[in-house]
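[1] got a predicted structure plus its sequence, pasted below:
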Amino acid sequence: MTLTQHETRSTCCYCGVGCGVIIEHDGSHIIGVKGDPDHPANFGRLCTKGSTLHLSARPETRALHPELRAERGLARSRVSWPEALDHAAERFADIIRTHGPDAVAFYISGQLLTEDYYVFNKLAKGLIGTNNVDTNSRLCMSSAVSAYKQTLGADAPPCSYEDIDHTDCLLIAGGNPAYAHPIVYRRIEDARRANPAMKMIVIDPRRTDTASDADLHLPLLPGTDIWLYNAMLHVLLWEGHTDDEFIRNHTEGFEALRRHVRDITPAVAAEVCGLRAEDIVTAAQWFGESKAAMSMWCQGLNQSHHGTHNGTALIALHLATGQIGRPGAGPFSLTGQPNAMGGREVGGMANLLSAHRDLANADHRAEVAHLWGIDEVPAQPGLTAVELFDAVRDGKVKAVWIACTNPAQSMPDQTRIVEALQKAEFVVVQDACRSTETAAFADLLLPATTWGEKEGTVTNSERRITHVRAALPAPGEARADWAIACDFARVLGARLGRPADALFPYMDVAQVFAEHVASTRGRDLDITGLDYARLDALGPQQWPFPEGANSGTGRLYGDRHFATASGRARFVVPVATTTAEKIDARFPLHLNTGRLRDQWHGMSRTGQIARLYSHVDEARVEVHADDLARRGLADGDLVRLKSRRGEIVLRAHASSAQRPGSAFVAMHWGRNMLSNSGANALTAGQVDPHSRQPELKHAAIQMTRADLPYQALLLRTETSDEAAQRNTLLRMEALAPLLSRFAYATLSMAGRDRPALVLRIAHDAPIPDVWLAELDQLCGLDHPACIVYRDARRDITKRALIEDGLLVGMRLTGEIAAASWLREVMVERQPTAELRRWLFAPLATPPVAAKSRGRVVCNCLDVAEPDIEHAITGGADLQSLQDTLRCGTSCGSCVPELKRMLFARRQAA
């Protein structure tokens, strides 16, 4: 596809699918985005998040110039780049001279480009001499890395997306790709339509949209995955489905695993996992009898204190049946971030070195030292994510540099993370956004470029490298991440008397990529046949792509030779534990965390887009209706969730997706959107001993009623779309620091092209007038034109602002019965002439003049739930829903929910 001068090829910056996008721009602003039909990861498809990327490219909350504070407690002020880098270099140099190189650390991100990662890794390990450089990829992919290395010998996913088209049996474990990897799920749907005999098994404690679409759903208890896979292997052995020739000629360690699973029958595993034994047998038979069996897994397996062995136990099913290295077969880990794979390739973690070299290997350290022209790479292992922030909290690490990630929202046990950032002597935050939860702790804030402004490469889940191009120049004084790291290295090197100019000679980002390429020669990921020009000419390519090759490698291990010392794949005997934290009488509920369909990570990008709140509009805890009834609670009540580390207040949502005794909280909401730290106030920091990945997926919790009788609601928009977008973002940024003063507060948006701010508050005491006045002032509800109602005896106050006949502002305090329909009036721009007399009425149901659309199911085409239900009641099937309402015909992310609604209607009938 030939592009115009106002179109630029890039990739989506969300999950690890690596979808190609075409950015539409006018030279100074990004005005649109569409899927790249030539990109083999998505062939033009985009999900709800990717298709709205251009709406997040706004300047309101961007970091545009360096900011420094002289001391804690003071606000940061603008400084020049030389001042910022000089100050940072002096602080780092002083700490290094006084306490040694391991007293500083870098915490970086799977959202950086590969070139950014490479320079940070070289800065820490090559210039400073510390291996204290880790990444948020530790939170999502390190267990998959460790599992691949223990079994196959290298961090090399053997499959491609193309294998989905050829598999007969797809096993999805610990993942909900219908939500988290929608474009992969569209391909799964295509494959099932093309091959109706294909079986899909989903292993997940929750009945997610992916699980509800499965031929067999195994809703196991949290942390029991290994027991399930061991029992499946037991069945494969018992029923003769193993490939004895493959095991004999191409693997090692099988006898030990055979002995281990001998007594783990389906009946034994069923008792541990909370499953039916016959379902375990069925899953094993489908897997063993298929011509090509493929598995996919994600955070449900990885984010466990035995995440590595979750992966090795799953991979053992493939090795035992020879289901690897051929079309439609193999174990495939789905990457959680756009470039977590690229970061691993360049060694951007505390235990890795460039080109999949291991820090613990002396020969590998010598190779990297020679490549970089230094005497040695330090042998002392670096601190991984949880350890790193523990060391900051304990005072062992004095200075921490955080780039393109938000640990004050994403790390487990948030109380400890906040304490660490408060105790650190010097915190640098390098980010495109000035108002993340972590940015609040920055002594020095450095503005970085972001999606649409950067050039470099990313590698997706199937090992495919894409050359990303910048559509626009950097705004303000923002700089590319790799360039910031290089500039800092040169200033720091001069203070330490080290040869930074020789280590960082790069004039442009292509030179960084070229050095990375050279480091891969002869390695399992050899890409010496690639440079930017070759990627531009051929399109995205899968590694390995060695010098002389004409194309990349789509599938690994077809020759049955593995990346171990012996060339054989290895079976691993796994541990027999379950969750790190057990439920008991005090904490009787299993908490599970995960993603929503239309939000991503900490919402610093998706949280700016009003329509992405339409599917789920506030943070909530999903529980089975029986668990609510047992506690005298109802759907919509505010509840207090408490773990052994912290507590939060959320709204309860009765969900049939939950099995009794369990709860689910999405991981996206943090202190910028809530009066608390969200799910990670409850999660623990226990880590896998091999991968050092924390168990973010589980905590034992209790749930009780939150008695917060003093409630308030604030709604605010503008009459014009542009003013509404601009002012809503600025007001949300200003309100975020105030949320923590309330026992419960949640901040979100409503609407589509004309966003409305939504602030919900519940408190345990009357809300002080001075607090309300501050809210009014920040949201422009102190305007003289406001209509005001006050009932002092009942402590009720209400304010409304009407402009051009439209309701643009509302604050209800003490009585909020009309909250739902008033929001609809504002969002749908309903004229207030007939509604004016009802604005302050305590009506839970709207007056005749007001219309309520309900929850939006199809975000792309703005189709609401009541309209879909009305059509289904009239006899519509999926095809007629798509033909008439058009829902599910754009990105397809809502199709699993449409199927679920149709199924529920059939059951009711």
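    Nice, thanks for sending it over. Keep in mind that what you see is a predicted model, and the values were worked out from it rather than measured.
[2] ranges for the strands of the stretch 51-200 of the chain?
    Counting by DSSP state E, counting those that start in this stretch, one finds strands in the stretch 51-200 of the chain at the ranges 67-68, 77-78, 104-108, 133-135, 169-173, 199-203.
[3] dig out what Arg651 forms beta bridges with.
    Arg620, Leu638 (DSSP bridges).
[4] out of the strands of the stretch 51-200 of the chain, which is the most enclosed?
    Of all the strands of the stretch 51-200 of the chain, strand 133-135 has the most neighbours on average by mean count of other C-beta atoms under 10 Å, namely a mean of 29. C-beta coordinates here come from the backbone N, C-alpha and C atoms, glycine included.
[5] who's in contact with that one?
    Here strand 133-135 makes contact (C-beta atoms under 8 Å, 6 or more residues apart in numbering) with 105-110, 117, 120-121, 123-125, 340, 343, 348-350, 382-385, 388, 405.
[6] same question, stretch 898-909
    By C-beta under 8 Å, 6+ apart, the residues outside stretch 898-909 that reach it are 209, 212-213, 857, 868-869, 872-873, 877-878, 881, 887-888.
[7] just to be sure, Met810 is in a helix?
    No - looking at Met810 with DSSP: H, G, I helix; E, B strand; the rest coil, it is strand, so not inside a helix.
[8] which one's the longest helix in the chain?
    helix 81-99 (DSSP state H).
[9] for it, packing partners?
    Secondary-structure packing of helix 81-99 (3 or more C-beta pairs under 8 Å, 6 or more residues apart in numbering; DSSP states H and E): strand 67-68, strand 104-108, strand 399-403, strand 426-431, strand 444-447, helix 481-496.
[10] swap in 7 Å and give it another go.
    Applying 3 or more C-beta pairs under 7 Å, 6 or more residues apart in numbering; DSSP states H and E, one finds that helix 81-99 contacts strand 104-108, strand 399-403, strand 444-447, helix 481-496.
[11] how far is the first one from where the chain is centred?
    Here strand 104-108 is found 20 Å from its chain centre; the criterion is C-alpha atoms, centre = their mean, to the nearest Å.
[12] next up, phi/psi of Met703, please.
    With angles defined as degrees, to the nearest 10, Met703 sits at phi -130, psi 130.
[13] can you give me the helices in the stretch 801-909 of the chain?
    819-827, 865-873, 878-884, 895-908 (DSSP state H, counting those that start in this stretch).
[14] flag every buried residue along the longest one.
    Meaning helix 895-908. Across helix 895-908, burial judged by 16 or more other C-beta atoms under 10 Å covers 895-902.
[15] just give me the closest of the residues you listed to Leu139.
    Pro896 (26.2 Å; C-beta to C-beta).
[16] how near is that closest one to Tyr185?
    From Pro896 across to Tyr185, the span is 8 Å (C-beta to C-beta, to the nearest Å).
[17] which neighbours do those two have in common?
    Common neighbours of Pro896 and Tyr185 (criterion: C-beta atoms under 7 Å, 6 or more residues apart in numbering): 178, 210.
[18] where exactly do the helices run in the stretch 1-150 of the chain?
    81-99, 114-122, 142-151.
[19] ranking those helices by burial, who's on top?
    helix 114-122 (a mean of 29).
[20] ok, back up a step: which among the contacts of stretch 898-909 count as buried?
    Taking 16+ other C-beta under 10 Å as the criterion, what is buried in the contacts of stretch 898-909 is 209, 212-213, 857, 868-869, 872, 881, 887-888.
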